[in-house]
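Chemist: Predicted model and sequence below, questions to follow.
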Amino acid sequence: MPDLTLTAQPPLGGFSHDFGGAKLAEIADHALVSIATPNGGEKKLAAAIKKSYGCALPRPGQSTLAKDGDTRLLGLQRDQMFAFFAHDGDQALAAVANKLGDAGYYTDQSDSWVMLRLSGELSWTALERICPLDLHPDVFAVGDVARTMMEHIGAVILRDGKTDFVLMSARSSARSFLHAVETSIRNIL
Amino acid sequence: MRYSAFRILKEGLTGNRGWTPVWREPEPKPAYDIVIVGGGGHGLSTAYYLAKEFGVTNVAVLEKGWLGSGNIGRNTTIIRSNYMLPGNEPFYEFSMKLWEGLEQDFNYNAMVSQRGILNLAHSDPQRDGYARRGNAMRMAGADAVLLDADGVRKLCPFLDFDNARFPIRAGLWQPRGGTVRHDAVAWGYARGADSRGIDIIQNCEVTGFQIKDGVCSGVETSRGTIAAKKVAVCVAGSSSHVMAKAGMRLPIESHVLQAFVSEGLKPVIPGVVTFGAGHFYVSQSDKGGLVFGGDIDGYNTYAQRGNLPVVEDVCEGGMALMPMIGRARLLRMWGGIMDMSMDGSPFIDKTHIDGLYFNGGWCYGGFKATPASGFCYAHLLARDEPHPTATEMRLDRFSRGRPIDEKGMGAQPNLH
Amino acid sequence: MIIDHPLLGPRDAAEFYVLGDASLIERPDWQDDNAAAAFDSYMHLRDNPAGEHRELWFHEQGDRSWLVVTRNTLTHEVVKVELARDVALALGRST
Amino acid sequence: MAQINRIGEGLVDTSRTLSFTFNGDTLAGHPGDTLASALLANGIRFVGRSFKYHRPRGIFTAGSEEPNALVQLRTGAHQEPNTRATVAELFDGLTATSQNHRGSLKFDLLAMNDLLTPFLGAGFYYKTFMWPKSFWEKVYEPLIRNSAGLGRLSGEADPDSYDKGFLHCDVLVIGAGPAGLAAALTAGRAGARVILADEDFRFGGRLLAETHEIDGADGVDWAEQAVAELAAMDNVRLMSRTCVHGAFDHGIYGALERKTDHLPKSGGKPRQVLWRIYSRRALLCAGATERSICFGNNDRPGVMLAGAVRTYVNRFGVTPGQRVAIFTNNDDGWRTAHDLAEKGVEIAAVIDSRDGTPPAAPHGAMVAMGSAVTNAAGRHGLRSLTLTNGQTIQADCLAVSGGWNPNVHLTCHQRGRPVWRQDIAAFVPGGDLPVGMSVAGAAKGDMTLSAALKAGHGAGNAAAKDLGFTASRKAAPKSDDEAADVTAFWQVRESKTRAWVDQQNDVTVKDVKLAHQDGFRAVEHLKRYTTLGMATDQGKTANVLGLAIMAELTGRTIPETGTTVFRPPYSPVPIGAFAGRSRGKDFRPYRLTTSHGWAEEQGAVFVETGMWLRAQWFPQPGETHWRQSVDREVTRTRGSVGVCDVTTLGKIDIQGRDAAEFLNKVYANGFAKLPVGKTRYGLMLREDGIAMDDGTTARLAENHFVMTTTTANAVSVFRHMEFCRQCLWPGLDVHLISATEQWAQFAVAGPNSRKLLQKLVDAEHDISNEAFPFMACAELTVCGGTPARLFRISFSGELAYEIAVPARYGDAMVRALMAAGEAFDVVAYGTEALGVMRIEKGHAAGNELTGQTTARDLGLGRMVSKKKDCIGNTLSEREGLNREDGLTLVGFRPVDRATELKAGAHFVVKGKPVTTENDQGWMTSVAWSPTLGHSIGLGFIQRGHDRMGETVIAADPLRGNDIEVEIVSPHFVDPEGERLRA
C-alpha cells in the first residue's frame, strides 16, 4: 500500500512574475474564513471581534486590520465578512472559531478562491482594462474592498497597500482569471 | 393601382408621373364595425384579413404615430416556424404558409426570402432538445433538418469550428425560414387594407375606452370619440399601458430588445444563423448590412433604446461564432419595446369586457407571426371564436395552469 | 445604467440580476381562502407602468443583497434604491 | 507620380516621405497626411463608385462624415472594408483599393445601372420581381444581392486583437476643437478629473483647418499651447484618435480609441480599445458638419464641401484643384476663396445664391450673386460648371457650402429631439439632453470662433462649479467675430439633370419627389422608402437636405417635418472592438475541477458543461469508439468500483437557528425533522409549481446544513434562496454561502466502494453499513488527518458514497482513490457513464428537469407536502398541472432489442398518423445499457404509469426512423434499491 498522505496544491502552483512596473504573484499562504452575523447578534459579534482582534466590524466595502497587524476583516455584505490572514494548514476555520466562539457562523473559504497580489505603479493602468470600479487612489483608498466582475469572472478586489491590490476569484476559474490579469498587463506595457 | 414590371417600364418612360399614394389619409368616421387600435404590422394585417378573408370592411386602424412605427419597423426581419409546443407550432407554421403566398396575395414585393435559418447546438442535451423540437415541427407539417457538425460546416464554413470555447455539435436547420423586408410588410398590408376601403388613420392616439356595464362601445382618441361594435387592441409594447385604460392588468412586462446593423458588405452570410452558446443571431440584408441581435436588456422599459452591456454581449457572441466579422463596423443600434409575456407566448383572445379584444404578448417573436396573428385575430373578431391554430393563446391560461412555455423559464418575462 | 447601492455607492447595472416587479415580495398567505387566485395574480399579473416602477435587483456580482430600485421606465432615471430586506420587514414580513 | 497638388507645408511633415499604394499605383505622401489628402496631393480625384448607380465618386469631405471616398484598407486577413480615406492616417506601406465596381474603377460594368435610372427610382423593387413566385430566391434576389454592399470582408478570422476598459471622470469633454479645448482648460484648472477625447489624431478641430487668430496668436499655435497646458495637469487625460460614439444611461459614454490603426503593424498589441467612460458631467463640443446644395450632377469627383477644401489647403498643404470655383449660400464659403487665393490657387468664380452686395472677393475672382450652379460636367472628374444664366465656367474643383449642421447626435441618443434655428438654418440641441450633458460651440449653434471659445470656457467652469470645484478666474480666450451669415438654400430648381441628396445611397431630389408622390411623406417613411441617410455616413451630409426638400413638397415647415432618430454609434465601430477579448477560447472563462490535471494525464476526453470542463470518458489503449470506453466504465463500476469527480455540483453552506425551517420552505418535501448526520433527497419547485432543481441536503449539525444543487442550477438556486431569505422570510436566522469551490468531491460507486474508502478514511471513523448506513453523512478525516466530508448517497444505484476534501487536496485525493482502488480494479468514469447509470436507475436529470415538468410528471408528486407552506405548493395544484392525461416519466425499451432509441423522438399510438394532434410525449434521455445489453430510454408520455407494458411508436421523422417501444418502469436496474443499501 503506497503512502496516501495528501499534499496540498495551490490553484496556480505558486505563480509569480515581474512584468516591470507591475508584479503579479499568487498568494498561497493565506486563509479566508467567512463570518456571518446571526440575526440580532451584531453587538455580540462586534464585542467578540474587538476583544480578540482589537478592531471594529468592517462596513461593507471596507476592511479593518486586526491589532496583530495580520488579520484583515473584509466587509463584503451587511451580515457577512471575510477574515483574511496568514495561515498554513487545515485549521483556518478553527483558528477563527476559537477566537469568536458562537458569536458568528463560520465557513472556511480558503480553498474557494485563487488569490493574486498585483503591485506596482502600473497596477491602475492594467486594472483599467478589466475592473469596472473607479480605483482612483482618492476614491478607492487603502483598505477598501469590493466584489465585482472582471472579464466575466466574479472577483474580489482589495487595496491593502499604496500600490498593492489583492485580487481573488473562484478557484475553478483560476487559470482564466490569471490569463485575464496577465493580458491586461501585457496590453499596456 | 396594380404594381408590375410593365408598370415600372411604362412609368419610367413617362417620367414616373403616374404613381399615386400607396394609401389614403382619411378623416376618422364617427363609427365603425371594428376599430383596431395600433397601426403596426399586426393591426394592419388584421385589417387586411378582415376585409379580404371575412368581408368586414367598415373598419378603422388607429395609429398614434406614423404607420408601421412600431416593432414592424425596427425588428431583425426573421421569419421561421421552428417552435416546439403544440400550442405554438401549428400557429407559426400557418404563418409561414401565409408568408409564402403573401406578395402575390397583396401585390407588393416584401422580399420574402427563404434562405433558411440555422439554430446551432453546442452540447448533447441541446441537440436532444433540437431533436424534440425538429420532430414537433415535422409533425405540424413544417420542415426541419437535424445537422451534425459536418453538416453545419458544409452550410456555414466560416463559423469557428477549430478554436471555439463552445464547439458546434449540431444544428437544427429550417430551409423555409428566412427574412422579409420588414417595412414593406406594413406598407403592403396597409395598401391592401386601404384599397379594400379600410380607413388607416395616422397620428390618432387612443386615450380611453368607452366601457359601460362591462360592454365596450368605442374609443376616445386624440381626434375625438369613435364608436365601434368591437374594439381590437394590438399595441405590442404598449399593451399594459393601453389595457390599463380599460382597467385590466396583464401577464405582460415591457422590455427593450436591441438590434444592430453593420455597414454594407458584399454577401458573406447565406441565411439566418443563431448561436446556441451565447446571445447572437445574424442575417445579411439585400443591401449588404449584417442585421444582428441578441437578448433583451432585462429591465422593464418603455424607452426605445438600450445600454452597452448587451451591445457588447451580442458582439462577443458574434466574434465567438464568426471571427471574420471583427473588422465589419457596427453602423447603427436601436431598440424596440417588447411585450414580454409570462411564458414567452402570445395572446389572441376576448377580454372579460364585451366587445374588447386583445392581441399581444408577442415578446420578440412578433414579426414572423404578423400574417397569422392578423389572420387569427380577424377570425376571432369576425366569428367570435378562436382560429384552430390559436386555441391555446388565451389570457386565462396561467390560472388554469396551461402555460405555453417553450423555454421552460417560468413566470419571469425577462428570461423568455 | 448605474445603481446607487445604499451600502456600496454607485455600481454598474451589469453587476446585477433583474428579477422584476417588487410586488414579488408580497407573497400571499398559503392558507387564505382564495390563496389560489391570490398566488395566480401575484405570480402572473403586472402593473408594468410607463413611469416609476419599483423592481427587484440582485447584486449578484457584489454583496449579494436584493435591492428594491425605484426607476422610471420612460427615462431610466433611478429615483430610489433600498435594501429589499428592509422593505420586506417594513411590510411586516418575517418568518 | 509626383504630388502635383502639394502646394505647401500645412501641418504635415514634408521632410519625411511615406510610400503607399492605391489600386496598385505607388504614391507618396507625408506624416500628418490622411489617405485622402495624400491622394489629392497626387492629383487623384476619382476614388470610388456609389452604391446603386455606380457613379464615379471623389473625395467630398475631410472628416468622418465622408459619403464617397470609401476604400478597402490593407490586404489579406487585415483587409478592412468601407474605410473613409478622409480619416485613415497615412503610414508607410499603406495599401488601399477602391470598392464596389466590377472590372476596374474606371470601367465598371455595373455603371450601366446609371442608364436605367428611370426604372430604378426609389422603392422600385417593392413594385416588381413578384412573378413568377419562384423567381425571387432563384433569379431576382441573387441579382440584387450580387450588387449588394460596398466593401468586402476577407472571410478570414480577424487577426488583430481588441481590448476594452473602464474610465471614470468628473468631466468628459467630447471634441477638442476651440470650444472643447477651452472647456477642458477651465474644468482642468478648477481641479476636476477631466477626459478630453477627439476622433482626430491631432487636437484642434477646425482650428487646424482655418487661418484664425486667438489671443493674437495663430489658432494652431494656441491649440498647441492649450494641449501643452492640459498635458501638464495630472487630473486631465488627453485621448486623441478616440471617438466618443454613444451616450448611454446615467453618464456612461462609449468611446473607441484607435491604438495601432495608424501603424503598419499592430505589434501584438490591441488594435483598438473600447472604453466605457463613467462621467459625472459631459460637455459636447463636437462642432458642426457642412452640408451641400442639390444641383445637377453635384456628385461629380471634384465637387467638394467648401470647408473641406480649406482643410486640405490649410492643414495638409494640398489643393484639391488647379482652378477652383466656390458655390455658397453663406459667408463661410467665401473664406475658402480667400484662403485659396492666399495660397496662390486660381479662383474660377464665387457663386453665391444670396442676392445683394457681395462680400470682399479675392482679387481677380469672378463673382456671381443671386446665381447658382445648375450642372456639373466631367464624368470621371469635374471639368466645367453651368450657371443659372447659362454661363459655363471651367473648373476642376467646386467648393460647395450649403451651411453647417451642428453635430447634435449625442444629444439625441436618449431620444431627445433637436430644434430648428432659422437664423442659422440648422437644427440645434433641444432641451431634453441626456442627464449631465451640456453642449458648447458649433455643436450648439455658436457659429463663430469667438462665441465657441466663450461658450467652451463657460461650460467648463460651470461643470466644475456644479461638482463643487472652484473655477479659475482666468479669462476666456479672445478672437475676432468672423462673418457667418447664411440664407437657407437647398436645391437649384433650374437644374434639369439629377441632383444628389444622399450621395452614397444615390438618393436624388427626384427620389424624394417620388416618395412624396407615393405617399411616403413622414420623415421616417421618406428614409425607409428611399434609403436616405441609411448609408455608412448615416446621412450626416444628406438628411437635412432631404427633409428640407420634403418640407417644400408638403408645404410643411422644416420643424414640422422633423428629423429621423439619431442612434449610436456616432461613427461606426468595428464589431471586434465591442467584443474585445471575448472570442475564440477566451469567449468565456473555463471552470476546471481539481482533478483536471490528473484527468489530462489519463487522456480523458472533456466536455463543456456550462462553464465547466468535465471528463466525459477515459479512453484506454485499444478502444476505438467512445461506447467501448463508456461501457467499460459502467460495467466495472457496477462490477467493482468506480470514481467520478462530482465537484461541479453546487454546494451551499446553510447555517442559522432557523436553517431547518428555511429548508422546509424552499424544498417541496419536509426537512424540519432531518436528523443530524443524515442526508435527504430534496425537490425544489418554482413558485409556479414547476420543478426547478433537485439534490441532496445533509445536516452536519443542529444549525448547519450543506445542500447540493445540480451543476446547471447552482447559481440560480443560490439566487433564489437569497430571495427567499431576504425578501420573503427576512425574520429567519439563516445564512448562505457558496461552498462549491471549497470542496473537491468525488463519487465512489460500486459494490467495493466501502472497501476502497476504508483504506483512506482514518481508522477512528467507522463507516461500516451499520455505523454508516444509506443516506448517512459525517465530517471525518482521511489519509492521516486531512479533513473530509463523507456522504452515503447514490446516483448510480450502487452502494456509493461521495467523499469531499478541501479543494487544495483534490488532485492528491483522486490519485489516492485510484491508488487505493488498484486492489479492486477501480475505474475512473466520466459524465457519459454517469449519465448511463442514472438512466439505468431512472433518475431525472437536465433533460427531464426542463422547467416545463411538474413533480407529478416526474413521478415525485407524493413528495410535495400539502401540510406546510413551501415555494410552489399552491400553484402546483392548478388544474392544468394535474390533468388526468398528464405526462409522466417512464422508461422505454425497443421492442426489437437490436434497435437504438433516439432522444427527441415523439410518442404516437400505433397506427395513428404522426401529427401534432396525436403527439403524446417525447423521449428525453437514451443510453445503451451495457448492464441490460440493449438501448434504454426515459421519456414523458401521457398517463405513463397506467400504460406499463403498452407498445407505442417512438416517431422520429427528423431522422426518419419510427420504432416500436415498450413502456416500462424507469428503474431498469435494481428497482428495489437493494444494492445501495448493501
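Modeler: Here it is on my side, so go on.

Chemist: And for D:Ile963, the neighbour number?
Modeler: Neighbourhood size, D:Ile963 [other CB atoms under 10 Å in any protein chain shown]: 18. C-beta here means a position set from N, CA and C on the backbone, and glycine is covered the same way.

Chemist: contacting residues around it?
Modeler: D:Ile963 makes contact with D:894-896, D:899, D:901, D:905, D:953-954, D:956 under the criterion CB atoms under 8 Å, 6 or more residues apart in numbering or on different chains.

Chemist: so B:Gly12 sits right up against D:Lys127, yeah?
Modeler: No. Counting by CB atoms under 8 Å, B:Gly12 sits too far from D:Lys127 to count as a contact (11.0 Å).

Chemist: the more surrounded of those two?
Modeler: More crowded of B:Gly12 and D:Lys127, by other CB under 10 Å: D:Lys127, with 22 against 16.

Chemist: confidence score at the closest residue to D:Pro773 other than its chain neighbours?
Modeler: The spatial neighbour of D:Pro773 that comes closest, neighbours along the chain excluded (CB to CB, 6 or more residues apart in numbering or on different chains), is D:Arg792 at 7.0 Å. For D:Arg792, the pLDDT comes out at 98.

Chemist: hang on, isn't D:Arg792 packed against D:Ala778?
Modeler: No. Using CB under 8 Å, D:Arg792 is not in contact with D:Ala778, being 9.0 Å away.

Chemist: More neighbours: the two, which one.
Modeler: Legend: neighbour count by other CB under 10 Å for D:Arg792 and D:Ala778, higher for D:Arg792 (25 against 18).

Chemist: sorry, back to before: list only buried entries from the contacts of D:Ile963.
Modeler: Neighbour-count burial (16 or more other CB atoms under 10 Å in any protein chain shown) applied to the contacts of D:Ile963 gives D:894, D:899, D:901, D:905, D:953-954, D:956.

Chemist: From these, pick the one nearest chain A.
Modeler: Checking these against chain A by CB to the nearest CB gives D:Leu901 as the nearest, at 34.4 Å.

Chemist: Show me the strands in chain A, by range?
Modeler: Listed in chain order, the strands of chain A (DSSP state E) span A:16-18, A:23-26, A:30-36, A:63-65, A:72-77, A:80-86, A:105-108, A:113-119, A:145-150, A:153-161, A:164-170.

Chemist: Show residues contacting the third one.
Modeler: Just to be clear, that refers to strand A:30-36. Residues contacting strand A:30-36 (CB under 8 Å, 6+ apart): A:45, A:73, A:79-87, A:92-93, A:95-96, A:100, A:104-110, A:112-113, A:115, A:168, D:655-656, D:735, D:737.

Chemist: now stretch D:488-497, how far from the chain's geometric center?
Modeler: For stretch D:488-497, the separation from the chain centroid amounts to 42 Å (computed by CA atoms, centre = their mean, to the nearest Å).

Chemist: Can you pull the residues of chain C lying near chain D?
Modeler: By CB under 8 Å from any CB of the partner chain, the part of chain C that sits against chain D consists of C:1-2, C:12, C:17, C:19, C:24-25, C:27-28, C:30-31, C:35-36, C:39-40, C:43, C:56, C:58, C:60, C:64-66, C:75-78, C:83-85, C:88-89, C:93-95.

Chemist: Which of the residues you listed fall within helices?
Modeler: C:35-36, C:39-40, C:43, C:84-85, C:88-89 (DSSP state H).

Chemist: give the contact list for the residue nearest to D:Pro773.
Modeler: Applying CB under 8 Å, 6+ apart, the residues near D:Arg792 are D:679, D:772-777, D:800-801.
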